[in-house]
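Undergrad: turn this into a structure:
(chains A and B)
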Amino acid sequence: MQRPLPEPDADSAPFWEACGRHELRVQRCGDCGARRHPPRPLCPHCQSARVEWERLSGRGEVYSWVVAHPPVLPAFQERVPFAVVLVALAEDPGLRLLGNLLDCEPGDVRIGLAVEVGFEELVDGVTLPQWRPVERVG
Amino acid sequence: MKRAAAIVGIGHTEFSKDLGRPERTAALEAICAALDEAGIAPAEVDGLVRFDMENTSEVEIAQSLGLEALRFFGEIGYGGGAGCATVGHAAMAIAAGRASVVVCWRARNRSSGGRPWARTGMRVGGEFQFSAPYGLVRPVDQVAMVARRHMHEYGTKSEHFGAVAVACRKHAARNPHALMRDPMTLEDHQASRLVSEPLRKLDCCLETDGALACVVVSAERARDVKTRPAWVLAASQGLGREQSVMTNYYAPRFLETPSTTAARDLFAQAGIGPGDVDVGQFYDAFTPLVTLSLEEYGFCKPGEGGPFAEGGRLEWPDGELPVNTSGGGLSEAYVHGFNLILEGVRQVRGSSTSQVEGAEISLVTSGAGVPTSALLLARA
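TA: Below is the predicted model:
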């Protein structure tokens, strides 16, 4: 059972293409330099449409998290209970990305946990950024 | 717009796990009941405002009501954020002279019709493309993420959320229309199964079939109705900086929901403060939305929504601020919060089953966590 896959649009396609190369990139304003995520057409600070895609270290820490219990989508049934984490990125803690926390029991997740990005290749050439603890936990 | 319009009729179907009739039929039943209560003939209706998620169109309603000349109609987006705004837009249309009798409604077979999240497609676009692939698709997961951070920053506890559920159940037990009337204790809440940690089953609203409607009229038309009007003292909408729909995770102020913006404008319009509110109906798809709203609408300081919910403070008759006095979405019925509007009206009429004595000002809020809206109603 396949999980829902992202449907890239004009603004988000470069994000997913970078994931395919195992690079975590976010939009950076070509004028004022402010980073933003999720991708969107204009910089919310200066309304510039000029955009660069900055490669980030892929380091961050857990900002918040949930553990999903049944009922869930059929595609996730075998994984329950599973954690979804919101990660604040090291370069800019105001930037937050979601993902699953891999290699970590749900009971060991905590806010502030240092994590790093990994890439999970799915069907149809889709690659998702995912997260793992930097140091072994539990 | 202050007191330019009033809600003069309310109506609803029974609430059920399986209503056994189409949403369209239920919508018309609720609308006719609301008009009948006010003593207003369907032919007088010249405006309709609906949720954009509503499955029944203005055209279908107008056809069945035999409307001669519908001159104002509109739709409000964002699911549970829309309720109060339907009344707000109706009141604006009336204040602007664009309509004089406007019907607002919500009909939803959310129980028998299934869970929207269970129909998540194989490809997901928009902002959910960054959440759905990880299995974060249920509203409960989306809200749990905010609740967890609030617990971390302020020490909010699951028991605080439980206090909200217990208050709603206590009020539902007095309301013959409520679906869940069996007593519930904090222990029951804590013993209920985890759905999305930190949230439990009893932090979640019901899944209900049902329809509700209200009739909003001009001050002039309100002079000649069969009911005691509930004045629209203020109506607001809100969306703050870089906020999102449900996965409101990327804005600079993480624990601020669109309610902050709606609250500021609401009280500014009315020229009153939270201390003037006698009773509140807070959108309660999930208990943390209530504790957050208590903060954002100014009943306590940021971070104190959890402790504020304790000690029976939200419970009728002795609590400082009785909330969701018909049982709310948690225990009466979950129809995208429209039952909260009807209960807000009852409180300023003096006809609630958990009536706050002498209630003059009633607050109603729509969904926090989505672009939202709110109402202040005043006793006539």
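Undergrad: centre of the chain to stretch B:293-310, how far?
TA: Distance, stretch centre to chain centre, for stretch B:293-310: 18 Å (CA atoms, centre = their mean, to the nearest Å).
Undergrad: next secondary structure element downstream of the worst-scoring helix or strand of chain B on mean pLDDT?
TA: For chain B, using mean pLDDT, DSSP states H and E, the weakest element among its helices and strands is strand B:123-124, scoring a mean of 95. Heading C-terminal from strand B:123-124, the first helix or strand you meet, by DSSP states H and E, is helix B:139-154.
Undergrad: report the buried residues of the next helix or strand after that next one.
TA: For helix B:139-154, the following helix or strand on the C-terminal side (DSSP H and E) is helix B:158-172. Neighbour counts using 16 or more other CB atoms under 10 Å in any protein chain shown place B:158, B:160-172 of helix B:158-172 among the buried residues. Every residue, glycine included, has its C-beta placed from N, CA and C.
Undergrad: next one: stretch A:116-134
TA: Residues of stretch A:116-134 classed as buried: A:116, A:117, A:119, A:126, A:127, A:128, A:129, A:130, A:131, A:132, A:133 (neighbour count, 16+ other CB under 10 Å).
Undergrad: same check, this time on stretch A:18-37
TA: Applying a neighbour-count criterion of 16+ other CB under 10 Å, the buried positions in stretch A:18-37 are A:18, A:19, A:23, A:24, A:25, A:26, A:27, A:28, A:29, A:35, A:36, A:37.
Undergrad: do stretch B:192-209 as well
TA: Result for stretch B:192-209 [16+ other CB under 10 Å]: buried residues B:192, B:194-200, B:202-209.
Undergrad: chain A: helices as residue ranges?
TA: A:13-20 (DSSP state H).
Undergrad: could you list the low-pLDDT ranges of it?
TA: Where chain A drops to pLDDT under 70, the residues are A:138.
Undergrad: show me the strands in it, by range?
TA: With DSSP state E as the criterion, chain A has strands at A:5-6, A:25-29, A:35-36, A:51-55, A:59-68, A:82-89, A:92-100, A:114-121, A:127-133.
Undergrad: sec struct for the closest residue to chain A within the stretch 251-380 of chain B, please.
TA: For the stretch 251-380 of chain B and chain A, the shortest gap (CB to the nearest CB) falls at residue B:252, measuring 6.1 Å. For residue B:252, the assignment made with DSSP: H, G, I helix; E, B strand; the rest coil gives coil.
Undergrad: check residue B:346 too.
TA: Strictly by three-state DSSP, residue B:346 counts as helix.
Undergrad: does it touch residue B:352 like I think?
TA: Yes - in this structure, residue B:346 is within contact of residue B:352 by CB atoms under 8 Å, at 4.3 Å.
Undergrad: any residues in contact with both of those two?
TA: Overlap of the contact sets of residue B:346 and residue B:352 (by CB atoms under 8 Å, 6 or more residues apart in numbering or on different chains) consists of residue B:326.
Undergrad: pretty sure residue B:87 sits in a helix.
TA: Yes - per three-state DSSP, residue B:87 lies within a helix segment.
Undergrad: okay, now the domains of chain A?
TA: By the assignment in automatic domain parsing, chain A contains the domains A:8-55, A:57-138.
Undergrad: distance to chain B added to these, as JSON lines?
TA: Formatted as JSON lines, those follow (distance: least, CB to the nearest CB, whole Å):
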{"stretch": "domain A:8-55", "distance to chain B": "5"}
{"stretch": "domain A:57-138", "distance to chain B": "4"}
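Undergrad: need the winner for burial among these.
TA: Ranked by mean neighbour count under mean count of other CB atoms under 10 Å in any protein chain shown, the domains of chain A are led by domain A:57-138, which reaches a mean of 18.
Undergrad: which among the buried residues of stretch B:192-209 gets closest to chain A?
TA: residue B:197 (4.0 Å).
Undergrad: mind listing what that closest one touches?
TA: If a contact means CB under 8 Å, 6+ apart, then residue B:197 has A:66, A:67, A:69, A:81, A:106, B:144, B:148 as its contacts.
Undergrad: quick revisit: which two among the buried residues of stretch A:116-134 are spaced furthest apart?
TA: Farthest pair in those (CB to CB) is A:126 and A:133. Separation: 24.2 Å.
Undergrad: now residue A:18. Nearest residue, chain neighbours left out?
TA: Closest residue to residue A:18 apart from its sequence neighbours, by CB to CB, 6 or more residues apart in numbering or on different chains: residue A:25 at 4.0 Å.
Undergrad: for the residue lying closest to residue B:100 once chain neighbours are set aside, what are phi and psi?
TA: In space, and not counting its chain neighbours, residue B:100 is closest to residue B:218: 4.8 Å by CB to CB, 6+ apart. Backbone torsions of residue B:218, given as degrees, to the nearest 10, read phi -70, psi 160.
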